[in-house]
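A.B. asks: Could you look at this predicted model? Sequence included:
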Amino acid sequence: MSQLPGKAISYWIASTLSISNFPSLTHDISVDVAIVGGGIVGITAGMLLKRAGKTVAILESQQIATGVSGHTTAKITSLHQLIYAQLIQEIGEKKTQIYADSNQAAIERVARFVEEENINCDFSRRSAYTFAETTENLDDIKKEVEAAVNLGLPASFVTETSLPFSIAGAIKLDN
């Protein structure tokens, strides 16, 4: 097996290193809101608060967006493995509905950000899948489809995807 030369680096980090370095804070400042953490959540919160007229400082101990955010796959979806049927059992349908709605709202928020800020990021909506290769876990997939549909998510059960191998079935969620 051949190896790539050097140390692997995330695309997101490699492509933004020159614009994600900021000077250290050297004196006291006064702001309406101080956000600790300069990942995608901290940056998004800062942007929303700034739009609302607040003065904001984002405090990051390392480099902006180089932790979890810097190593993301950048997949935005409401489908997180098989979670909805389990959540309904554990926390009830009402709280699971809030979770599902929040995930869907987040997708729409990202789409609006991309449009409003004219962000060149190749944003596109793609279906997400969680699949079973064999019939062993097919009941779990079907329960997840039922739970997702009952929560109003754009989910369906499919037996074919664009994967280069066959599957027994999958939940497909249109994003």
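C.D. replies: Yep, it's here. Numbering: from 1, shown residues only.
A.B. asks: going forward, measure contacts and count neighbours with C-alpha atoms only.
C.D. replies: Will do.
A.B. asks: which other residues reach the longest helix anywhere in the chain?
C.D. replies: Counting residues, the longest helix in the chain under DSSP state H turns out to be helix 93-116. With contacts defined as CA atoms under 8 Å, 6 or more residues apart in numbering, helix 93-116 is touched by 76-78, 84, 87-88, 119-121, 123, 151, 153, 175.
A.B. asks: What about the residues you listed, which are in helices?
C.D. replies: Using DSSP H, the contacts of helix 93-116 in helices are Tyr84, Leu87, Ile88.
A.B. asks: show me what contacts the second one?
C.D. replies: By CA under 8 Å, 6+ apart, the residues touching Leu87 are Glu93, Thr96.
A.B. asks: when you give positions from now on, start the count at 296
C.D. replies: Done: numbering now begins at 296, and the last item shifts to Leu382.
A.B. asks: Tell me how the chain divides into domains.
C.D. replies: Annotated domains of the chain cover 306-366, 379-468 [automatic domain parsing].
A.B. asks: Least confident of the ones you listed, on average?
C.D. replies: Per-stretch mean pLDDT for the domains of the chain is lowest at domain 306-366 (a mean of 88).
A.B. asks: Now do that one: distance from first to last residue.
C.D. replies: The first residue of domain 306-366 is 8 Å away from its last residue (CA to CA, to the nearest Å).
A.B. asks: still on that earlier bit, go through the contacts of helix 388-411 and name the one nearest Gly464.
C.D. replies: For those, the closest approach to Gly464 (CA to CA) belongs to Tyr379, at 17.2 Å.
A.B. asks: Based on its surroundings, how many neighbours for the closest one?
C.D. replies: 26 (other CA atoms under 10 Å).
A.B. asks: quick one: contacts for the residue nearest the centre of the chain?
C.D. replies: In the chain, the centroid-proximal residue (CA atoms, centre = their mean) is Ile371; its distance is 4.1 Å. Residues near Ile371 by CA under 8 Å, 6+ apart: Ile402.
A.B. asks: Distance check, it against Arg404.
C.D. replies: Ile371 is 11 Å from Arg404, by CA to CA.
A.B. asks: Ile308 too?
C.D. replies: In terms of CA to CA, Ile308 sits 23 Å off from Arg404.
A.B. asks: between those two, which one's more packed in?
C.D. replies: Shown here are Ile308 and Arg404; by other CA under 10 Å, Ile308 has more neighbours (19 against 12).
A.B. asks: Return the backbone torsion pair for that one.
C.D. replies: Dihedral pair for Ile308: phi -70, psi -50, per degrees, to the nearest 10.
A.B. asks: correct me, but it touches Thr361?
C.D. replies: Yes. When contacts are counted by CA atoms under 8 Å, Ile308 is listed as touching Thr361 (6.2 Å).
A.B. asks: Going by residue numbers, what spans are strands in the protein?
C.D. replies: 328-331, 351-354, 423-427, 450-453, 464-468 (DSSP state E).
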